[in-house]
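**Q** the following comprises the amino acid sequence and a computationally predicted model.
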Amino acid sequence: WIVGDARLPLLVLMAAVLALLALTVANIANLLLARASAREREMSIRAAIGASRGRLMRLLLLESLTLSLAGGVLGAIFAAWALDGLVSLVSDVLPRAGEVALDRQVLLFTAALATVAGLLFGLAPAAQSSRPDLQSPLRDSVRVGSAGGQRARKTLVVAQVALALVMLVSAALIVRSFAGLRQANLGFDPEGVATGRVALAGAGYRTEGQVLAFLRQLEDRLPALPGVASAAFTSILPLDAGGDSDMSFLVVGKPELQENGRPRVSWYRSVSAGYFHTMGMRMTRGRGIAANAPEAVVNEAFARRFWPGEDALGQQVLLSRKGAPLTVVGIVADARTRGPRNETVTEMFLPYQFMAEGGYSIVLRAKGGVDPASLIPSLRALLASIDRRLPLSASATLPELHAEALAQPRLLATLLGAFAVSALFLALLGIYGVVAYAVGHRTTEIGVRLALGATPGQVVRLVVGDGVKLGLAGLALGVAGGLAVTAGLGTLLYGVAPHDPVTYAAAAAVIFGAAALGSWLPARRASRISPTEALRG
């Protein structure tokens, strides 16, 4: 209940953060492994003069922990600086976001995470360096790294590529889903519509007669507002996440549809006669409701459910709260009134004269060229002229409400996209580092190849091939991991499958390109090696 429906997106973001941390740890571990190879002479001398393996490991792990804790301190400082901006970014998405603070628990968690990270990226280099070859100090001219160290570096790069692919695929799916949500057909036209809510029950309107008298006056005066093309009101506004309202009813002549005495409709709205025109909703059959007539309009989902294979027009429903039946006079196209992500539900639209509610949202469609937000002050003035006790609340334009409905998927797409780009960059650095390190240790070999007639292009292909092999191994592992991870994203996706082949192919192509680029940069340098200098050095 603390995070509401943001629980799954928050879990996805936490997983992405941990994956990004793992990529960073792998990169630093690779750097420390390379540094460990460069310190083989030092470690051999320390061991030769009596340093035990445990002492060497403690020394190296202490260096790693110092590095990680320093990074943790810098991270905490940056988090404190960016906290206000982050809270404002998630305030519309995360319940109780204002309570987020950099308190003692967060700092202790940061310190623990930094300690674990330091141990993780320092363990492999420490294990390698604590087993020095005591003969190596006398072999300065031989530039070779240990086979174990090389395998560890390559394994880390493969893991980095795999993680980067998983993150890139996940981010691409979420971004494509968000793009689909933005372009989804809502079934109504939010552009150019302003809205505001008036609460009658809290302003002394205690009887149905008082409510109806006010609504009739409001219905008469709304169209006369300057800049208004059409106007209406509804008990529940589309995109109102908290406005779900159902009711009991009987389908006249369909006793078999009763469940425990009465079936139920998922949603109903009490509306004025001009509601469908003002909202830009399409009538597929029949017409809208007339003022003060015992009529109802249902959506296509309602007609399919309760009159399958029949004509819904002319059918009658009997409400539990009223004795007189209402005749269905129109069928309106299905609309995603609960938000672009939610599926269509069965809906029934009733004249406000037959179902008066304690509060209504007023909708005003602006004339061409008129800013819908400019209609709100006129609406406030109109309400004040009718009854000064009635303030206008929740005033906004429907495009603003639509944007609010997309706030969570937009935030998730933005953050995952940023994390995926960071992961791609880290994977590129990892491949570059390993290939560049290998080139440095193969300088003599490359010089011999060039001296024997190899062309610079052949050297480039040789070096790039090594990096691309690592990339392909990581891609294979990443595809398998991605298929497992993205299966859990199904409820966050819209219009795209978790295992969409186009997304996987595009992400794999990007990762492959990054692997080729990360290999080509040191390969180009290798192709320019002077054979004479390489053989001399």
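**A** On my side now, so go ahead. No experiment lies behind these values; they were computed from the predicted model shown.
**Q** for the stretch 51-200 of the chain, which segments count as strands?
**A** 193-199 (DSSP state E, counting those that start in this stretch).
**Q** cool, and the chain?
**A** For the chain, the strands defined by DSSP state E cover 193-199, 228-234, 247-251, 264-265, 267-271, 283-286, 295-299, 316-319, 326-332, 347-351, 359-366, 393-397.
**Q** okay if I get those strands as TSV plus mean pLDDT?
**A** Output for the strands of the chain, formatted as TSV (pLDDT from 0 to 100):
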stretch	mean pLDDT
strand 193-199	94
strand 228-234	95
strand 247-251	78
strand 264-265	66
strand 267-271	88
strand 283-286	94
strand 295-299	94
strand 316-319	85
strand 326-332	94
strand 347-351	92
strand 359-366	95
strand 393-397	90
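**Q** could I get those as CSV with mean neighbour count?
**A** To be clear about C-beta, it is placed using only N, CA and C from the backbone, and glycine gets the same treatment. Listed next are the strands of the chain as CSV, based on neighbours: other C-beta atoms under 10 Å:
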stretch, mean neighbour count
strand 193-199, 22
strand 228-234, 22
strand 247-251, 18
strand 264-265, 16
strand 267-271, 22
strand 283-286, 15
strand 295-299, 25
strand 316-319, 18
strand 326-332, 22
strand 347-351, 23
strand 359-366, 24
strand 393-397, 17
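**Q** could you dump those strands to CSV with distance to Leu163?
**A** Putting the strands of the chain into CSV (distance: least, C-beta to C-beta, whole Å) gives the following:
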stretch, distance to Leu163
strand 193-199, 45
strand 228-234, 49
strand 247-251, 51
strand 264-265, 48
strand 267-271, 43
strand 283-286, 49
strand 295-299, 45
strand 316-319, 56
strand 326-332, 48
strand 347-351, 45
strand 359-366, 47
strand 393-397, 41
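**Q** Ala26: which of these is closest?
**A** Distance to Ala26, taken as C-beta to C-beta, is lowest for strand 393-397 among the strands of the chain, at 46.5 Å.
**Q** quick one: contacts of that closest one?
**A** Identification of contacts with strand 393-397 by C-beta atoms under 8 Å, 6 or more residues apart in numbering yields 190, 193-199, 361, 372-373, 376, 379-380.
**Q** and that strand, which strands flank it?
**A** strand 193-199 (antiparallel) (DSSP bridges).
**Q** pull the partner strand out as CSV, backbone CA atoms only.
**A** Provided in CSV are the C-alpha atoms of strand 193-199 (Å, rounded to 0.1, in the frame of the first residue of the first chain):
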residue,chain,number,x,y,z
VAL,A,193,-11.1,20.1,-23.8
ALA,A,194,-10.9,21.7,-20.4
THR,A,195,-12.4,20.3,-17.2
GLY,A,196,-13.1,21.0,-13.6
ARG,A,197,-15.0,19.3,-10.8
VAL,A,198,-17.7,20.6,-8.6
ALA,A,199,-18.7,18.8,-5.3
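**Q** figure out how far that strand is from the centre of its chain.
**A** 30 Å (C-alpha atoms, centre = their mean, to the nearest Å).
**Q** is it true that Tyr275 touches Gly288?
**A** Yes - judged on C-beta atoms under 8 Å, Tyr275 makes contact with Gly288 at a distance of 7.3 Å.
**Q** out of these two, which sits in the more crowded spot?
**A** Set side by side, Tyr275 and Gly288 show more neighbours around Tyr275, with 24 against 20, by other C-beta atoms under 10 Å.
**Q** picking up where we left off before, which of the strands of the chain sits closest to Gln150?
**A** Short answer: strand 393-397, nearest of those by C-beta to C-beta, at 60.8 Å.
**Q** please state the offset of that closest one from the chain centre?
**A** That offset, for strand 393-397, works out to 26 Å (C-alpha atoms, centre = their mean).
**Q** ok so, going back, the strands of the chain: which one's closest to Val496?
**A** That would be strand 295-299 among the strands of the chain, by C-beta to C-beta, at 26.1 Å.
**Q** that closest one - contacts with which helices or strands?
**A** strand 326-332, strand 347-351 (3 or more C-beta pairs under 8 Å, 6 or more residues apart in numbering; DSSP states H and E).
**Q** identify the residue spatially nearest to the residue nearest the centre of the chain, adjacent ones excluded.
**A** Nearest to the geometric centre of the chain sits Leu412, at 2.0 Å (C-alpha atoms, centre = their mean). Excluding the flanking residues, the one nearest Leu412 by C-beta to C-beta, 6 or more residues apart in numbering is Pro9, at 4.9 Å.
**Q** before we move on, what about Gly280?
**A** Gly280 sits nearest to Asp189 (C-beta to C-beta, 6+ apart), 3.0 Å away.
**Q** per-residue confidence for Gln128?
**A** Gln128 carries a pLDDT value of 69.
**Q** swap in Pro238?
**A** Reading off the model, Pro238 has pLDDT 88.
**Q** OK, contacts around it?
**A** Neighbours of Pro238 in contact, by C-beta under 8 Å, 6+ apart: Leu186, Phe188, Pro190, Met279, Ala335, Thr337, Arg338, Leu398.
**Q** try it again at 7 Å.
**A** When contacts are counted by C-beta atoms under 7 Å, 6 or more residues apart in numbering, Pro238 touches Phe188, Ala335, Thr337.
**Q** which ones among these map onto helices?
**A** Residues of the contacts of Pro238 located in helices (DSSP state H): none.
**Q** so can I have TSV of those residues showing distance to Ala436?
**A** Shown next, in TSV, are those (distance: C-beta to C-beta, whole Å):
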residue	distance to Ala436
Phe188	58
Ala335	58
Thr337	57
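**Q** how is this structure divided into domains?
**A** Residue ranges for the domains of the chain, per automatic domain parsing: 1-142, 144-184+405-537, 201-389.
**Q** return the most buried member of the ones you listed.
**A** Among the domains of the chain, ranked by average contacts under mean count of other C-beta atoms under 10 Å, first place goes to domain 144-184+405-537 (a mean of 19).
**Q** centre of the chain to that one, how far?
**A** 23 Å.
**Q** now the helices for the stretch 401-537 of the chain?
**A** Secondary structure of the stretch 401-537 of the chain (DSSP state H, counting those that start in this stretch): helices at 407-441, 443-451, 456-486, 501-527, 531-536.
**Q** can you flag the weakest of those by average pLDDT?
**A** Of all the helices of the stretch 401-537 of the chain, helix 531-536 has the smallest average pLDDT, which comes to a mean of 69.
**Q** residues making contact with stretch 110-125?
**A** So stretch 110-125 is contacted by 21, 25, 28-29, 32-33, 36, 60-61, 64-65, 67-69, 71-72, 75-76, 152 (C-beta under 7 Å, 6+ apart).
**Q** again, 8 Å this time
**A** 21, 24-26, 28-29, 32-33, 35-36, 60-61, 63-69, 71-72, 75-76, 79, 152.
**Q** narrow those to those in helices?
**A** 21, 24-26, 28-29, 32-33, 35-36, 60-61, 63-69, 71-72, 75-76, 79, 152.
**Q** and which of the contacts of strand 393-397 is nearest Leu483?
**A** Using C-beta to C-beta, these come closest to Leu483 at Pro190, 37.3 Å.
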